[in-house]
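J.: prediction below, plus the sequence it came from.
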Amino acid sequence: MKKVHLIAIGGSAMHNMALSLYEKGFTVSGSDDEINEPSKSRLAKAGLLPKEIGWFPEKITNDIDAVILGMHAREDNPELIRAKELGLKIYSYPEYIYEATKDKTRIVIGGSHGKTSITAMILHAMNYCNIETDFMVGAQLEGFDTMTHLTNTAKYAVIEGDEYLASPIDRRPKFHLYKPNIAVLSGIAWDHINVFPTFENYVEQFSKFIELIEQGGSLIYCAEDKVLEATCKKAKNANIQKIAYGIPEHEIENGLTSLIANEKKIPLQIFGNHNLMNLNAARLVCNNIGIADEKFYEAIQSFKGAAKRLELVFKKDNFNFYKDFAHSPSKLKATTDAVKQQFKNRKIVACMELHTFSSLNEEFLLQYKNSMNLADEAIVYFNPHTIAHKKLKAITKEQVHQCFNRADLKVMTESKEVSDYLKSKNWNNSVLLMMSSGNFDGIDFSALAKELKT
């Protein structure tokens, strides 16, 4: 039995790691200066919630086998300093994932968008086929207790490969640490400008990822993305198999999308070209581990999507309300287009929140040009206090309006203004799409749905 301490245990990924290690039989402890729901309740239920909030270097003792450092902690964290003084083994979150899965077949899903959905589809199919696997995914999935699962017995590990930094003391992108046997790249769209200041620098991270694929491995990539296609073709890693994918044959009828395969219709609960491409990537991964197309198609019919990925909040008669994680320009376009294609005869109202560091940067805002134009009505929300908290230069409503390049765009800076406006509208024959990596500063979507005029 091993003893592990997690610095910043309250994070979304970190608390799931703690729960997974506890289930594996490890002795687990941790600290954090802030623990919110659902982490707080889930840790408490397992008896892992720290008794006090804060950092306590006295918790760091010689008998700890490993310290796992979360991204939320700072470089001068007193527990981290103490762990270094004692010479303990310190891992970043992705380093520990690799350490735990280095003897398994690692399936790593990377790309600027679609990572969580592809990972979720692969896990859904493997679960359907009773194939045991370790995993790490960026959202809570239906049918899975935790977002991280590590075992002593699984042959496979399915890992969502984020390109953000590994830890405060390890400035490498997370997905550079996993060394995949089977890799997926879904697309390249500039993000995380606080870390990757130029598009060229950002693209370079994906080239490095390809070079880190294990010899004899596979790279499954989206050929619809021309930047990605060029990056994959010129990659130096010659001893890997490269497999391209695109949008599979399908049809949309009466608001239902079906795949067409072997002259059969396969009804889906998901929709949109981006999701169909995600599905194709997942299918190819599953083929690589012995799941035939017929079995994959059988499994995928019951896949409802990952949390906040075109997740249905409310449906009544001819009104649908979806929430989505979309926040970057490419994601806004893809998600809005998906809804537009699925509901061609309805009015599409798209509302997005500028919430991430990149989206609130006045220079990056220029990337949003025309990204909301596919919606019949578009609303953009941002909170000036969030900008101040992130220590960014203030932006104005006028700047946002100009950058999105849409004359009738509504720009709002108060959460109540957004909800009041949505409540004032008649939603007959409409679709509402709320897109953000945040929550519009506390809007309860389920409660809001009940107050809309349908």
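T.: Structure received.
J.: count of neighbours near Glu224?
T.: As a burial measure, Glu224 scores 17 neighbours (other C-beta atoms under 10 Å). From N, CA and C alone the C-beta is placed, and that goes for glycine too.
J.: Met277 is in contact with that one, correct?
T.: Yes: Glu224 lies in contact with Met277 (C-beta atoms under 8 Å); the separation is 6.4 Å.
J.: common neighbours of the two, please.
T.: Jointly contacting Glu224 and Met277 under the rule C-beta atoms under 8 Å, 6 or more residues apart in numbering are Gly246, Ile247.
J.: ok, longest helix in the protein?
T.: Among the elements of the chain assigned as helix by DSSP state H, the one spanning the most residues is helix 273-288.
J.: can I get that helix in CSV, CA atoms only?
T.: Taking C-alpha atoms only, helix 273-288 is exported to CSV below (Å, rounded to 0.1, in the frame of the first residue of the first chain):
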residue,chain,number,x,y,z
ASN,A,273,-20.6,17.7,-38.0
HIS,A,274,-18.0,18.2,-35.2
ASN,A,275,-19.6,15.4,-33.2
LEU,A,276,-19.8,13.1,-36.2
MET,A,277,-16.1,13.7,-36.7
ASN,A,278,-15.5,13.0,-33.0
LEU,A,279,-17.5,9.8,-33.5
ASN,A,280,-15.3,8.8,-36.4
ALA,A,281,-12.1,9.3,-34.4
ALA,A,282,-13.5,7.2,-31.6
ARG,A,283,-14.5,4.4,-34.0
LEU,A,284,-11.0,4.3,-35.4
VAL,A,285,-9.5,4.0,-32.0
CYS,A,286,-11.9,1.2,-31.1
ASN,A,287,-10.9,-0.6,-34.3
ASN,A,288,-7.3,-0.4,-33.1
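J.: buried ones in whichever helix or strand comes after that helix?
T.: Helices and strands here follow DSSP states H and E; after helix 273-288, the next one along the chain is helix 293-300. By 16 or more other C-beta atoms under 10 Å, the buried positions in helix 293-300 come out as Phe296, Tyr297, Ala299, Ile300.
J.: likewise stretch 198-208?
T.: Tyr202, Val203, Gln205, Phe206.
J.: which of those residues fall within helices?
T.: With helices identified by DSSP H, the entries of the buried residues of stretch 198-208 that belong to them are Tyr202, Val203, Gln205, Phe206.
J.: now do the same for Ala407: helix, strand or coil?
T.: Each residue gets one of three states, and Ala407 gets coil by DSSP: H, G, I helix; E, B strand; the rest coil.
J.: quick check: it vs Met372, distance?
T.: Plainly put, Ala407 is 12 Å away from Met372 if you go by C-beta to C-beta, to the nearest Å.
J.: and the strands in the stretch 201-350 of the chain, which stretches?
T.: In chain order, the stretch 201-350 of the chain shows strands spanning 218-222, 241-245, 250-253, 256-261, 264-267, 311-316, 319-324, 347-353, with DSSP state E, counting those that start in this stretch as the criterion.
J.: okay if I get those strands as TSV plus distance to Met121, mean pLDDT and mean neighbour count?
T.: Compiled in TSV, the strands of the stretch 201-350 of the chain are given as follows (distance: least, C-beta to C-beta, whole Å; pLDDT from 0 to 100; neighbours: other C-beta atoms under 10 Å):
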stretch	distance to Met121	mean pLDDT	mean neighbour count
strand 218-222	13	97	24
strand 241-245	13	96	16
strand 250-253	15	94	12
strand 256-261	13	95	16
strand 264-267	14	96	13
strand 311-316	15	94	14
strand 319-324	16	96	23
strand 347-353	25	98	23
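J.: Ile193: which of these is closest?
T.: Put simply, out of these the one that sits nearest Ile193 is strand 347-353, at 17.8 Å, with distance taken as C-beta to C-beta.
J.: what helices and strands are in contact with that closest one?
T.: Packing partners of strand 347-353 (3 or more C-beta pairs under 8 Å, 6 or more residues apart in numbering; DSSP states H and E): helix 329-342, strand 377-381, helix 415-424, strand 430-435.
J.: so which of those is nearest Thr257?
T.: Nearest to Thr257, of all the helices and strands packed on strand 347-353, is helix 329-342, at 6.8 Å by C-beta to C-beta.
J.: can you state the direction angle for that closest one and strand 347-353?
T.: Angle of helix 329-342 versus strand 347-353, following axes from the mean of the first three to the mean of the last three C-alpha atoms, to 10 degrees, is 160 degrees.
J.: what is helix 329-342 packed up against?
T.: Counting contacts by 3+ C-beta pairs under 8 Å, 6+ apart, the secondary-structure elements packed against helix 329-342 are helix 273-288, strand 319-324, strand 347-353, strand 430-435.
J.: buried set for it?
T.: Along helix 329-342, the positions that meet the burial threshold by neighbour count (16+ other C-beta under 10 Å) are 329-340, 342.
J.: render the CA-only coordinates of that helix in PDB, please.
T.: Listed in PDB are the C-alpha atoms of helix 329-342, where the atom choice follows Å, rounded to 0.1, in the frame of the first residue of the first chain:
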ATOM      1  CA  PRO A 329     -14.100  31.000 -31.900                       C
ATOM      2  CA  SER A 330     -13.800  27.600 -33.600                       C
ATOM      3  CA  LYS A 331     -16.000  25.900 -31.000                       C
ATOM      4  CA  LEU A 332     -18.700  28.700 -31.300                       C
ATOM      5  CA  LYS A 333     -18.900  28.200 -35.000                       C
ATOM      6  CA  ALA A 334     -19.000  24.400 -34.800                       C
ATOM      7  CA  THR A 335     -21.600  24.200 -32.100                       C
ATOM      8  CA  THR A 336     -23.900  26.900 -33.600                       C
ATOM      9  CA  ASP A 337     -23.600  25.300 -37.000                       C
ATOM     10  CA  ALA A 338     -24.600  21.900 -35.500                       C
ATOM     11  CA  VAL A 339     -27.700  23.300 -34.000                       C
ATOM     12  CA  LYS A 340     -28.600  25.300 -37.100                       C
ATOM     13  CA  GLN A 341     -28.300  22.100 -39.300                       C
ATOM     14  CA  GLN A 342     -30.300  20.000 -36.800                       C
END
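J.: tell me the angle that helix makes with strand 377-381.
T.: Between the axis of helix 329-342 and that of strand 377-381 there is an angle of 150 degrees, by the same axes, to 10 degrees.
J.: contacts for helix 329-342, please.
T.: Here helix 329-342 makes contact (C-beta under 8 Å, 6+ apart) with 112-113, 187, 189, 252, 255, 257, 271-275, 310, 322, 324-326, 348, 350, 352, 367-369, 371-372, 374-375, 431, 433, 435.
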